[in-house]
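Colleague: task: produce atomic coordinates for the following.
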Amino acid sequence: MNYEQKLLDKDYRLQTFYWIRDKKGFQVLFQRNKAQRDYESKRHSRNVILKSRQLGFTTLEAIDMLDESLFQRNHDSLFIAQDLDTAKDIFGNKIDYAWVNFPEGLKALYQVNNDSARKLLFDFGDGSRSSITVDSSGRAGTYQRLHITEFAKVCKDYPDKAKEIFTGAIPAVPTHGRVDIESTAQGSDGLFYDLFWEAWERGEPTQPTEFKAHFYNW
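Modeller: Numbers count the residues shown, from 1 in each chain. You can find the predicted model right below:
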């Protein structure tokens with residue numbers, strides 16, 4: 001496999017190009033763990049994930065969404081965090097950090113606009129563009145990829161905002177797009193709780209817009 005063929009291989013890109021900070025603050029090459037790889041092998045176009053802490057799903061989704069923005073033209077991604085401080089942290093310490101440390105030879109292929117807060121806009125130079133945005137709420141527009149982190153906490157602390165996200169941002173993703181909602185448990189009620197158990201009890205989805213439930217407790 002030559003280098004151009006490798007660039008078309010997402011698995012190769014994810015294990016080769018992206019650097020993160022580990023729990024001790026050291027720069028390390030991003031490598032998917034057991035739970036992350038298991039999820040990748042089972043995910044659907046709509047996913048709801050109940051998880052324990054420290055499994056790295058936020059990091060996985062941040063890197064995976066950045067990769068899609070870099071290697072898919074006209075592909076816009078939105079990452080919704082539970083509050084603005086968390087949104088700033090995810091953008092600065094995961095997405096922008098990975099981009100800053102992206103291989104220089106490949107970075108030169110893009111014209112990058114980072115004037116907007118918590119957003120990277122990539123111009124491919126042929127009239128096509130892609131972007132990745134991190135925010136604490138949904139935005140007007142169409143996104144091919146949406147990730148919502150700690151949604152159960154949003155449902156518990158900001159139920160009106162959770163309803164707005166659920167009825168606004170999620171339906172805006174086209175059928176062929178992808179939605180991932182993940183959270184640790186926050187009690188036995190709320191939108192996240194209902195969404196997870198409805199999907200879990202239904203089992204394998206039969207439609208692209210039906211949610212598939214995933215549970216990771218290790």
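Colleague: pLDDT on the helix or strand residue 39 falls within, on average?
Modeller: Under the criterion of DSSP states H and E, residue 39 resides in helix 34-42. Averaged across helix 34-42, the pLDDT comes to 96.
Colleague: tell me how far that helix lies from the chain's centre.
Modeller: Here the centre of helix 34-42 is set off from its chain's centre by 14 Å, with CA atoms, centre = their mean, to the nearest Å.
Colleague: next structured bit after it?
Modeller: strand 46-51.
Colleague: identify each buried residue in stretch 135-147, please.
Modeller: Neighbour-count burial for stretch 135-147, counted by 16 or more other CB atoms under 10 Å, picks out 135-138, 143-147. Heads up, the C-betas are built off the backbone N, CA and C, glycines and all.
Colleague: list every C-alpha atom in the helix holding residue 39, with coordinates, as PDB.
Modeller: These are the backbone C-alpha positions of helix 34-42, laid out as PDB (Å, rounded to 0.1, in the frame of the first residue of the first chain):
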ATOM      1  CA  LYS A  34     -10.600  -1.700  23.800                       C
ATOM      2  CA  ALA A  35     -13.900   0.000  24.500                       C
ATOM      3  CA  GLN A  36     -13.400   2.500  21.700                       C
ATOM      4  CA  ARG A  37     -12.700  -0.100  19.100                       C
ATOM      5  CA  ASP A  38     -15.600  -2.200  20.200                       C
ATOM      6  CA  TYR A  39     -17.900   0.800  19.800                       C
ATOM      7  CA  GLU A  40     -16.500   1.500  16.300                       C
ATOM      8  CA  SER A  41     -17.300  -2.100  15.300                       C
ATOM      9  CA  LYS A  42     -20.900  -1.900  16.500                       C
END
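Colleague: ok, and what's touching it?
Modeller: 32, 49, 51, 55-57, 60, 212, 214, 216, 218 (CB atoms under 8 Å, 6 or more residues apart in numbering).
Colleague: apart from its chain neighbours, what residue comes closest to residue 83?
Modeller: residue 136 (5.4 Å; CB to CB, 6 or more residues apart in numbering).
Colleague: what sits against that neighbour?
Modeller: By CB under 8 Å, 6+ apart, the neighbours of residue 136 are 80-84, 86-87.
Colleague: so where's this structure shaky on pLDDT?
Modeller: By pLDDT under 70, the low-scoring segments of the chain are 1, 139-140, 218.
Colleague: now with 90, please.
Modeller: 1-6, 23-25, 53-54, 114-117, 137-142, 166-169, 171-172, 187-190, 217-218 (pLDDT under 90).
Colleague: tell me which residue is most central in the chain.
Modeller: residue 61 (3.5 Å; CA atoms, centre = their mean).
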